[in-house]
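Peer 1: my questions concern the predicted model and sequence given below.
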Amino acid sequence: MSRVLIIGAGLTGSVCACLLRRELQNKVSLVVWDKSRGSGGRMSTSRSPDYGSSSVDLGAQYISATPQYAKSHHSFYEELLSEGILKRLDAPVEGMMSNDGSSHYMTPLGMSSVVKHYLKQSGAELVFERHVTGLYRRGASWEVHGRGGEKEVFDAVVITMPVPQILQLQGDLTELLSPAQREQLDSVRYSSRFALGLFFPAGATIDVPWAVSYIANSPVIRYVAIDSRKRNTESECRGPSMVVHTSVPFGVQHLERDKEDMQPIILQELHNILPGLPQPISVKCHKWRYSQVSVSVPGCPGQMTVLSRPPLLCGGDAFTHSNYDGCVESALRLCDALKSSL
């Protein structure tokens, strides 16, 4: 049995773990490490610190399937729909630019429910708050180091971290990259943004006709969603929740500033846009340094094999594109490459 480590409990890592379990079954022992306190990555769902039943998606907001991917990834969509993890996005959306025939889906339990589904299916051992700092080749294995001094040995390693974080890893990885691979990774670019999650008391009313609105005339805010309305979870005993995303230029301009400094600026602009907004009971601010991939690895290969034996692979949306189908496509390529290496 091969012991396989997947670094990153986001969408690509979780789908990859699920596919490996289904295709290799008991031939692999799967371990997933993530530096955060829970799974999800950029598909994480945050709960209100005051009302645990209220939640908000600070990262990915909904899933859009183009006609092409709706066909090629039909089994993935059918599985999530049959489990009730995905449902059609029927709530009103204002200002959406897409008119390519895509189907749009929301997650009643939050976007992290997609990742949690795949991790559960994988049966992988999950280790959170494990920040990987280095990878060292030890004969036919990899010794992986954590920030807390942890050291464990694996037969194969799959890295799904953002590319800049991959390139910061200590050890043998960067030395094993070919000049062409290094150039490809150096070319990857990400957008950056701030996100706010607002939680309102039970009975609060947000008097707008939409659930999601793309803001066209603000230098600060690009996207606002009444998350509870988008997911159809509003009720009399549970207050509404809202998510706000800043524009990419604003995020890039203020990227190095503390999120605590940016929160009041974003809130002021929100009140300019929605002057009748009720007072929230709590606000959560998050900085997405690596929000979406703006420049992918050339050719979008889905994955990069740094070494075949012992296997060391890199994947994620940087090797495809930043949406659900891009992550699934990367996971499929990682799984194929890993099976041939093992």
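Peer 2: Received it, and whenever you're ready, just let me know what you need.

Peer 1: any idea whether V158 is helix, strand or coil?
Peer 2: At V158 the chain is in strand, as set by DSSP: H, G, I helix; E, B strand; the rest coil.

Peer 1: wait, what's in contact with it?
Peer 2: Residues in contact with V158 (Cβ atoms under 8 Å, 6 or more residues apart in numbering) are V4, L5, I6, I7, G13, C16, P311, L313, C314, G315, L334, L338. (Each C-beta comes from the backbone N, C-alpha and C, glycine too.)

Peer 1: and the gap between it and H245?
Peer 2: Distance of V158 to H245, given as Cβ to Cβ, to the nearest Å: 29 Å.

Peer 1: contacting residues for I6?
Peer 2: G13, C16, A17, L30, V31, V32, W33, A124, V157, V158, T160.

Peer 1: before we move on, the earlier item: what's the farthest-apart pair in the contacts of V158?
Peer 2: By the measure Cβ to Cβ, the contacts of V158 have their two most distant members at G13 and P311, which lie 15.2 Å apart.

Peer 1: in JSON lines: the contacts of V158, plus secondary structure, distance to R189 and pLDDT.
Peer 2: Below are the contacts of V158 laid out as JSON lines (DSSP: H, G, I helix; E, B strand; the rest coil; distance: Cβ to Cβ, whole Å; pLDDT from 0 to 100):
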{"residue": "V4", "secondary structure": "strand", "distance to R189": "30", "pLDDT": "98"}
{"residue": "L5", "secondary structure": "strand", "distance to R189": "27", "pLDDT": "98"}
{"residue": "I6", "secondary structure": "strand", "distance to R189": "24", "pLDDT": "98"}
{"residue": "I7", "secondary structure": "strand", "distance to R189": "21", "pLDDT": "98"}
{"residue": "G13", "secondary structure": "helix", "distance to R189": "22", "pLDDT": "98"}
{"residue": "C16", "secondary structure": "helix", "distance to R189": "23", "pLDDT": "98"}
{"residue": "P311", "secondary structure": "coil", "distance to R189": "27", "pLDDT": "97"}
{"residue": "L313", "secondary structure": "strand", "distance to R189": "22", "pLDDT": "98"}
{"residue": "C314", "secondary structure": "strand", "distance to R189": "16", "pLDDT": "98"}
{"residue": "G315", "secondary structure": "strand", "distance to R189": "18", "pLDDT": "98"}
{"residue": "L334", "secondary structure": "helix", "distance to R189": "22", "pLDDT": "98"}
{"residue": "L338", "secondary structure": "helix", "distance to R189": "27", "pLDDT": "95"}
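
Peer 1: contact partners for V244?
Peer 2: Going by Cβ under 8 Å, 6+ apart, V244 touches A195, L196, L198, I221, Y223, V224, I266, L270.

Peer 1: the third one belongs to a helix?
Peer 2: Put plainly, it is L198. No. Read with three-state DSSP, L198 is strand and lies in no helix.

Peer 1: residue boundaries of the helices in the stretch 151-300 of the chain?
Peer 2: 163-167, 173-176, 179-186, 227-230, 248-253, 259-273 (DSSP state H, counting those that start in this stretch).

Peer 1: for the ones you listed, which one ends up most surrounded?
Peer 2: Of the helices of the stretch 151-300 of the chain, the one with the most neighbours on average (mean count of other Cβ atoms under 10 Å) is helix 227-230, at a mean of 24.

Peer 1: tell me how many other residues crowd the nearest residue to F200 once chain neighbours are set aside.
Peer 2: Of all residues not flanking F200 in the chain, G239 sits nearest, at 4.2 Å (Cβ to Cβ, 6 or more residues apart in numbering). Applying other Cβ atoms under 10 Å, we find 25 residues neighbouring G239.

Peer 1: which residues touch G239?
Peer 2: Counted by Cβ under 8 Å, 6+ apart, G239 has contacts Y51, S54, F199, F200, P201, A202, G203, A204, S228, I281.

Peer 1: please apply the same query to F128.
Peer 2: Going by Cβ under 8 Å, 6+ apart, F128 touches A9, D34, S36, R37, G38, S39.

Peer 1: give me the subset of these lying in strands.
Peer 2: Cross-referencing the contacts of F128 against strands under DSSP state E gives D34.

Peer 1: ok, G13 and P311, which is more surrounded?
Peer 2: Neighbours were counted for G13 and for P311 using other Cβ under 10 Å; G13 has more, 32 against 22.

Peer 1: wait, that one touches I7, no?
Peer 2: Yes. Using Cβ atoms under 8 Å, G13 is in contact with I7, at 7.2 Å.

Peer 1: list residues touching both of the two?
Peer 2: Shared contacts of G13 and I7, defined by Cβ under 8 Å, 6+ apart, are found at V32, D34, V158, T160.

Peer 1: hmm, back to that, tell me how far the residue nearest to F200 lies from A211.
Peer 2: Taking Cβ to Cβ, one finds G239 at 16 Å from A211.

Peer 1: now P240
Peer 2: Note on P240: its distance to A211, by Cβ to Cβ, is 10 Å.

Peer 1: one step back: distance to E78 and pLDDT added to the contacts of V244, as a markdown table?
Peer 2: As requested, these are arranged in a markdown table below (distance: Cβ to Cβ, whole Å; pLDDT from 0 to 100):
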| residue | distance to E78 | pLDDT |
| --- | --- | --- |
| A195 | 30 | 98 |
| L196 | 34 | 97 |
| L198 | 34 | 96 |
| I221 | 36 | 98 |
| Y223 | 29 | 98 |
| V224 | 32 | 98 |
| I266 | 38 | 98 |
| L270 | 38 | 98 |
